[in-house]
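Asker: Need coordinates for the following:
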Amino acid sequence: MKITKRMMNKSAPIALALRRSKRILCFLSNLPQDIIRKILGRLLIRSIMRCKYVCKSWRSMIEGEGGDFGMLHTPQPGLAFVHRDMGFEVCDEACEPLCHFDFPPPLKIYSTTYLLRVVVGSTNGLILVCGIDARLCVCNPITSEYIKLPLQPADSHVVGFGVSKLSGQYKIICGAHVYTLGRGGGCWRGIVGATGRLRLPWENAVFFNGNLHWLTIDSKENTLVCCFDLETELYSNFSLPPPDHIIYDDGYPLYLNGGYQLCVLDGRLCLCDIVQPCRTVIWQMNTYGDANSWVKAYAVGDIIGIILPLKVFANGDLLFAKSDDDQLYIYSKKTERHVKNAHLRQYKSYFYNIVTYIPSFLSLTAMGIPNVQSLSFY
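Answerer: The predicted model follows:
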């Protein structure tokens, strides 16, 4: 093959970049480990994922059992959702895909089987999902790890995932049972006092302030927020905003059909309330646990369908998804209008199937969890 001058000119920038990269790596490798750790901690999550493959020492530093690196790195929230064709996807703060994954062996599935997959919730970079075989799995796509939980109990009315405040134990609730990740886990345990707390169909419990939250009805048919403390495994509850804003459909509160949802926004527990067919009010609890502190934070109008709030920006604007399309929207608090923001082309619209996700390098193996397996990527 004859190498022309033009080809040499084109390859020159590439060769220069390679030489510079080698010099940079050589320079970094001679720095103290704590300095390297701080430098890597300032990179974007996408760059850190590549750095894992530079050398064994960097990979060990990023995914090491000590977990120090995970404490240094605080990436911006992204999203995790069910992929349109198969498996799951996570993306960064710019809604750009980080990876697509599934649980081996990879399965080619049909368009209707996305209903069998659910993203339940995410805590500290770990994601709880329900796979195609209806089994709950906890995974971290950044470290390529997952664990399949024992077959869950039949009373799966409420499913949630969070971490206790004091002991730092990661727990999953499924109906009237709880599962603890780690060395002390391994089986589902019955929850004392669960009777009467789980009267709704499938609902993803919302994790906030060390507790899991979902909507329930007491013996007098009052709608309440049920709160489950992951540390003490005790229940409590508090009231919702004024009930005159609830629309009833054939005698049943609309939230039974998914139009009334809890969420977490800007560090506060919030409630999404459809008050008219084309208008949704979002309430926020200013003082956690105080039912008198509910205030209206947003009133999103002129939009048909159930909305799922995802994130509040620094200027107060709201990022949200809808239950009936694969588009993200931004609601302007100043103009009180919404505009299309990003098109998640691989997002299969289904109300439970998208959550806010903050990537981390928390290792299931380092947590002492047995039977950790590797995810399949595509």
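
Asker: which stretches of the stretch 101-250 of the chain form helices?
Answerer: For the stretch 101-250 of the chain, helices defined by DSSP state H, counting those that start in this stretch do not occur.

Asker: so where do the strands sit in it?
Answerer: Using DSSP state E, counting those that start in this stretch, the strands of the stretch 101-250 of the chain run over residues 118-123, 126-130, 136-140, 145-148, 158-163, 170-174, 177-180, 189-190, 203-204, 206-208, 211-217, 223-229, 235-239, 248-249.

Asker: what's the closest of those strands to Thr365?
Answerer: Proximity to Thr365 (CB to CB) singles out strand 145-148 among these, at 6.4 Å. Backbone N, C-alpha and C define where each C-beta goes, glycine included.

Asker: Just checking, which helix or strand of the chain averages the lowest pLDDT?
Answerer: One helix or strand of the chain scores below all others by mean pLDDT, DSSP states H and E: strand 252-253, with a mean of 44.

Asker: That one: what's the following helix or strand?
Answerer: Sequence-wise, the next helix or strand downstream of strand 252-253 (DSSP states H and E) is strand 260-265.

Asker: returning to that earlier point: lowest average confidence across the strands of the stretch 101-250 of the chain, which one?
Answerer: With a mean of 48, strand 248-249 has the lowest mean pLDDT of the strands of the stretch 101-250 of the chain.

Asker: Check the gap between Tyr298 and Asp317 for me.
Answerer: Distance of Tyr298 to Asp317, given as CB to CB, to the nearest Å: 10 Å.

Asker: make that Gly125, sorry
Answerer: Distance from Gly125 to Asp317, counting by CB to CB: 25 Å.

Asker: the more surrounded of those two?
Answerer: Shown here are Gly125 and Asp317; by other CB atoms under 10 Å, Gly125 has more neighbours (22 against 18).

Asker: the domain parsing of this protein - what is it?
Answerer: The chain breaks down into these domains under automatic domain parsing: 5-71, 75-377.

Asker: averaging pLDDT over each of those, which comes out lowest?
Answerer: Among the domains of the chain, domain 5-71 scores lowest, with a mean of 60.

Asker: any idea which element Leu79 lies in?
Answerer: Leu79 belongs to strand 78-82, assigned by DSSP H and E.

Asker: now the closest residue to Ala205 other than its chain neighbours, which residues is it bridged with?
Answerer: Counting by CB to CB, 6 or more residues apart in numbering, Ala205 lies nearest to Gly160, which is 2.7 Å off, once chain neighbours are set aside. Note on Gly160: beta-bridge partners Ile173, judged by DSSP bridges.

Asker: dump the residue contacts of Gly160.
Answerer: By CB atoms under 8 Å, 6 or more residues apart in numbering, the contact set of Gly160 is Val120, Gly121, Ile172, Ile173, Asn204, Ala205, Val206, Phe207, Leu212, Trp214, Phe228.

Asker: Just the buried residues of those residues.
Answerer: Neighbour-count burial (16 or more other CB atoms under 10 Å) applied to the contacts of Gly160 gives Val120, Gly121, Ile172, Ile173, Asn204, Ala205, Val206, Phe207, Leu212, Trp214, Phe228.

Asker: which of those lies closest to Ile45?
Answerer: Using CB to CB, Gly121 is the member of those that sits closest to Ile45, with 19.5 Å.
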